[in-house]
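A.B. asks: dropping a prediction and its sequence here:
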Amino acid sequence: MSDVAIVTGGSRGIGLAVVKKLIEDGYVIVATYVHSPGGLDETKAHTIRADVSSQSDVVQTINFARDLGKIKVLVNNAGVAYDDLLLRMKDEEWERVLEVNLTGTFRMTRAVIREMLKDGGAIVNVASVVGLVGSAGQSNYAASKGGIIAFTKSVAKEYARKGLRVNAVAPGFIETNMTVKLDESRRKQYLTLIPMNRYGKPEDVADVISFLASPAASYVTGQIVNVDGGMVM
């Protein structure tokens, strides 16, 4: 029976890099997307349109993955951002970010736990350095990612004795569609915050996720690994 890895939000950026890396690692991949499969069409991943903020979509995703083999890995990567200063932030901007980023991570994790308890497994959540240090104009995003960090540690403690490992990565500035939109002056400004003096690549994050999902990390759980070029030390 094949080992299956689920990657949410796998159509681009970090998610797509994770899909490609885990395919190299030998997993059968189930990748979710909302609007378009994007780069997934060029991979061997099995794709499903699913919004992690929808409980019915979450159940469909787990059932789809179960039909392909044993679910051994879950990467909670799906996320959205609606940036604004607090006084201008609309209720729906706050609620949507929390519903997708944090509640979506909770729903996917809860749904996959029973499957993993049979044979063990690994969950890797994609947080952010913003969840560690905050960011002006991103109170909703920071709250969601900080919540993921606390959630990761709590679930890791609950299931460590059952052979289920739960960790998170906290990326810094990574070259994705979001950072490409920054103007040149802001890009240079952000570079001054990064000791390694370069933006990260999605593959930098994917490599760490691959490790955390693998048997090589069999004694690692409840950890938050910064992938940020030294921004947060």
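C.D. replies: Looks like it arrived, so ask away.

A.B. asks: what average pLDDT does the lengthiest helix in the chain get?
C.D. replies: Determined from DSSP state H, the single longest helix within the chain is helix 139-159. Across helix 139-159, the average pLDDT comes to 97.

A.B. asks: show me what that helix is packed up against.
C.D. replies: helix 91-97, helix 104-119, strand 121-126, helix 130-133, strand 164-171, strand 224-227 (3 or more C-beta pairs under 8 Å, 6 or more residues apart in numbering; DSSP states H and E). Where C-beta positions appear, they are placed from N, C-alpha and C, glycine not excepted.

A.B. asks: the fifth one pairs with which strands, and in what direction?
C.D. replies: Applying DSSP bridges to the sheet, strand 164-171 is found paired with strand 121-126 (parallel), strand 224-227 (parallel).

A.B. asks: lowest-confidence helix or strand of the protein?
C.D. replies: The helix or strand of the chain with the poorest confidence is helix 177-180; it has a mean of 68 (mean pLDDT, DSSP states H and E).

A.B. asks: what's the first helix or strand after that helix?
C.D. replies: On the C-terminal side of helix 177-180, the nearest following helix or strand under DSSP states H and E is helix 184-191.

A.B. asks: circling back to that earlier point, out of the helices and strands packed on helix 139-159, which gets nearest to residue 218?
C.D. replies: strand 164-171 (7.5 Å; C-beta to C-beta).

A.B. asks: so residue 173 touches residue 197, yeah?
C.D. replies: No. Contact criterion C-beta atoms under 8 Å: residue 173 and residue 197 do not qualify, at 11.3 Å.

A.B. asks: who touches both of these two?
C.D. replies: residue 229 (C-beta atoms under 8 Å, 6 or more residues apart in numbering).

A.B. asks: have a look at those two and say which one is more surrounded.
C.D. replies: The neighbour count for residue 173 versus residue 197, taken as other C-beta atoms under 10 Å, is higher for residue 173 (20 against 10).

A.B. asks: from residue 223, how far out is that one?
C.D. replies: In this view, residue 173 and residue 223 are 21 Å apart by C-beta to C-beta, to the nearest Å.

A.B. asks: show me which positions of the longest helix of the chain end up buried.
C.D. replies: 139-149, 151-153, 155-156, 159 (16 or more other C-beta atoms under 10 Å).

A.B. asks: quick one: distance of that helix to the chain centre.
C.D. replies: Chain-centre distance of helix 139-159: 12 Å, with C-alpha atoms, centre = their mean, to the nearest Å.
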